[in-house]
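# Provided below are the primary sequence and the corresponding predicted coordinates.
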Amino acid sequence: MPAIWSSAAFSVPLMLTCWRGSLQYTLSSLRAQSDPEGCGSHSFSGWTQPLGKGNPLRIALIGAGRVAATHAAVLRRTPGVDVIAVADPRGEAAHQLAAEFGAGAFTSLAQVLDSVPVDAVDIMVPHNLHHSLAKEALNAGVHVFMDKPIASTVPQARELCDIARRKDRVLAICHNLLFHPALQRTVEVIETGMLGRVTSATAWSSGWLDLAPWDFRLDKDATGGGAWVDGAPHLVYVLEACLGQIEKLQAILPQSSSRLGAEDTAVGQALFNSGAVATISVGYSDCPSGPDTDWPEGWRLGVNLIGTEGRLALDFLPRAQLTWQTKGQAERLEPLWNVPFDAGFEGAFSDFAAAVKGESTLRVRPEDSLRNLELIKSANDQ
Ligand SMILES: NC(=O)c1ccc[n+]([C@@H]2O[C@H](COP(=O)([O-])OP(=O)(O)OC[C@H]3O[C@@H](n4cnc5c(N)ncnc54)[C@H](O)[C@@H]3O)[C@@H](O)[C@H]2O)c1
């Protein structure tokens, strides 16, 4: 049975102002609890306000690159969230983004933790820094929302899961497409049985990525690979939402010329427990919309599903829509053109915030992101 849930955040605005009594703690007590092994080195002690009813969630943005603009747009329209700091070693980028929120600008997470009282961080940095920065924040008693992947290596990811559990902090990885209404609708259609048994799928993420001189994808070590480790995680969790668990995943990663530090084009093949099969294609140097049209506006992102009774095409980008057809019926188009692409990010952040408030448990648990990384890495290593 596919695992999916509704994106409440898309239809219902976040109500972060209604903090629950269960979060009546102070940052200084958190810091005291969080450092039994002496692994946190931060000393900020100016926090006296309890994280309770009426108090906003104070958050720092760590990383001010490409995806930070998308996260920032979502947080800007989210009630009950106060972006109070932005950190990036590219000081000018930190200043620019911080100015949009009237927030403080810093050049590192350590500076933020030493200077301002944050309840949570939103980490959007090169992959090889995910483990160390998330660990630093969790050890300082701060909740962590982080863009994918959970870490560069499986042991690092396991360690983050352990630390979050031990410190009793929320660690949520942004699997944004899982919260996109177009995927929710697709799963509803599958569950009606109208497509019959889904036997195969094709998933793609394709476009021309504009690469700034500082883009971490130019550095293979910072990315932990190329287009596969960067783009395939999304397609893998989307396919598992539609078809159930993947049993085996293989990737073909060309060694030929590339605009990235490693391959800029990759394909994968998946076998599911159900017996279904899928192909996955990721291309960062494809120009379907012209070479200067960057992510997300110029992107093509979607999945085709073929079943014994019908077929369905799900597009997230360039605009959200479903096209599906069952035996003997005319093709149906369901436009979701008013759904912005960042609705998925909104849903993912809502999931995180609700868990921080103690209102619900995480829908994307750190262990789910660990499994996603294990699959991606297992395909990579073959
Ligand atoms: N969910 C999605 O659809 C999606 C889309 C794009 C990127 N991402 C993810 O977001 C993350 C960032 O990607 P991006 O495209 O924004 O990359 P980017 O290269 O555009 O930006 C990364 C930023 O991190 C900064 N940085 C480097 N070291 C830092 C440090 N120690 N502290 C703070 N900031 C630091 C860099 O200066 C840069 O501004 C990656 O994990 C990527 O996989 C997710």
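On my side now, so go ahead.
# Can you give me the domain assignment for the protein?
For the chain, the domain assignment from automatic domain parsing gives the residue ranges 8-176+347-363, 181-338.
# The first one close to the ligand?
Yes: Domain 8-176+347-363 comes into contact with the ligand when judged by C-beta under 6 Å from any ligand atom, the residues involved being 62-68, 87-90, 93, 108-109, 124-127, 129, 147-148, 174, 176. (Each C-beta comes from the backbone N, C-alpha and C, glycine too.)
# Pull the number of nearby residues for the closest residue to L362 other than its chain neighbours.
Nearest non-adjacent residue to L362, counting by C-beta to C-beta, 6 or more residues apart in numbering: A355, 4.7 Å away. Residues contacting A355 under the criterion other C-beta atoms under 10 Å number 20.
# Now for A355: which residues touch it?
170, 172, 361-362 (C-beta atoms under 8 Å, 6 or more residues apart in numbering).
# Looking at the residues you listed, which is nearest G298?
Set against G298, the nearest of those by C-beta to C-beta is A172 (28.3 Å).
# still on that earlier bit, report the two of the contacts of A355 separated the most.
Within these, two members stand farthest from each other by C-beta to C-beta: A172 and T361, at 10.8 Å.
# Neighbour count for those two, which is higher?
Just comparing A172 and T361: by other C-beta under 10 Å the higher neighbour count belongs to A172, 28 against 10.
# Name the helix or strand for the more buried one, please.
strand 171-174 (DSSP states H and E).
# what's in contact with that strand?
Residues external to strand 171-174 that are found in contact with it (C-beta under 8 Å, 6+ apart): 134, 138, 143-150, 160-161, 163-164, 345, 348-349, 351-352, 355, 362, 364, 366, 368-369.
# Let me see the mean pLDDT of it.
For strand 171-174, the mean pLDDT works out to 98.
# How about stretch 317-334?
Across stretch 317-334, pLDDT averages out at 95.
# Run through who's touching that stretch.
Residues contacting stretch 317-334 (C-beta under 8 Å, 6+ apart): 180-182, 185-186, 189, 194-195, 289, 296-302, 309-315, 335-337, 339, 341.
# again with stretch 161-170
Residues contacting stretch 161-170 (C-beta under 8 Å, 6+ apart): 33-34, 120, 135, 138-139, 141-145, 150, 171, 352, 355-356, 362, 366-367, 370.
# okay but V144 is in contact with A137, surely?
Yes: V144 lies in contact with A137 (C-beta atoms under 8 Å); the separation is 5.1 Å.
# Tell me which of the two has more neighbours.
Of the pair V144 and A137, A137 is the one with more neighbours under other C-beta under 10 Å, namely 29 against 26.
# L317 and the ligand: what is the separation?
L317 is 10 Å from the ligand, where distance means C-beta to the nearest ligand atom, to the nearest Å.
# For that residue, give me phi and psi.
Per-residue torsions, L317: phi -140, psi 150 (degrees, to the nearest 10).
# and it, how many neighbours does it have?
Other residues close to L317 by other C-beta under 10 Å number 19.
# what are the ranges of the helices in the chain?
Counting by DSSP state H, one finds helices in the chain at the ranges 8-11, 27-34, 66-76, 91-101, 109-115, 130-139, 154-167, 181-192, 220-223, 227-243, 343-357, 366-380.
# What is the fourth one packed up against?
If contacts are counted by 3 or more C-beta pairs under 8 Å, 6 or more residues apart in numbering; DSSP states H and E, helix 91-101 sits against helix 66-76, strand 81-87, strand 104-106.
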